[in-house]
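> Need a 3D model of the sequence below.
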Amino acid sequence: MADPYLLLVLMLAAGGIVAAVLIGGCLDGNPPAGSGIVRTIPPAEALTLIEEKKGSPDFAVIDVRRPDEFAGGHIEGAININSATFSERLAELDPNGTYVICCQRGGRSAGVRDMMRDAGFREVYEIKGGMSAWTAAGLPVVKG
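Down below sits the predicted model:
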């Protein structure tokens, strides 16, 4: 017969592994939660948020692409802050505001999202798939 203590240790180890897998599966790739909300949302959810917050002085849509990309088509009302210079302009933004950020496909905005999270911003939403996903969903774009 097996040692009961060995069985207990094996059961605890297996339980720990199962718990780690379950917890890891519940984390959908978003940054860890701090005191604020920092997460990635699909384009349709971003549009709903933008429509709800439109006109609020503490809300902004920030497009972190290059100016030429921005001019080629962007979300109505978005401001353009190039990801290459975003860290230099971070102090201009109110950390208590609410922000929706996007780039072309999600790479640059993920870096900006993390930068804003690390700086203690209260509410930051990144558009999953960026402007590519936004336009693929048939959502409105303005040029210029």
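
> Could you use CA atoms for every contact and neighbour count after this?
Noted.

> where do the helices sit along this structure?
For the chain, the helices defined by DSSP state H cover 4-26, 43-53, 67-71, 86-89, 107-118, 130-136.

> Show me the domain layout of this protein.
Following automatic domain parsing, the chain resolves into domains at 1-29, 31-136.

> Now the weakest link among those domains, please, by mean pLDDT.
Between the domains of the chain, the lowest average pLDDT goes to domain 1-29, which shows a mean of 47.

> quick one: Asp94 from Ala60, how far?
Remark: distance between Asp94 and Ala60 (C-alpha to C-alpha, to the nearest Å) = 10 Å.

> Which of those two has more residues huddled nearby?
Shown here are Asp94 and Ala60; by other C-alpha atoms under 10 Å, Ala60 has more neighbours (21 against 13).

> how about the nearest residue to the more buried one, chain neighbours excluded?
Counting by C-alpha to C-alpha, 6 or more residues apart in numbering, Ala60 lies nearest to Tyr99, which is 5.1 Å off, once chain neighbours are set aside.
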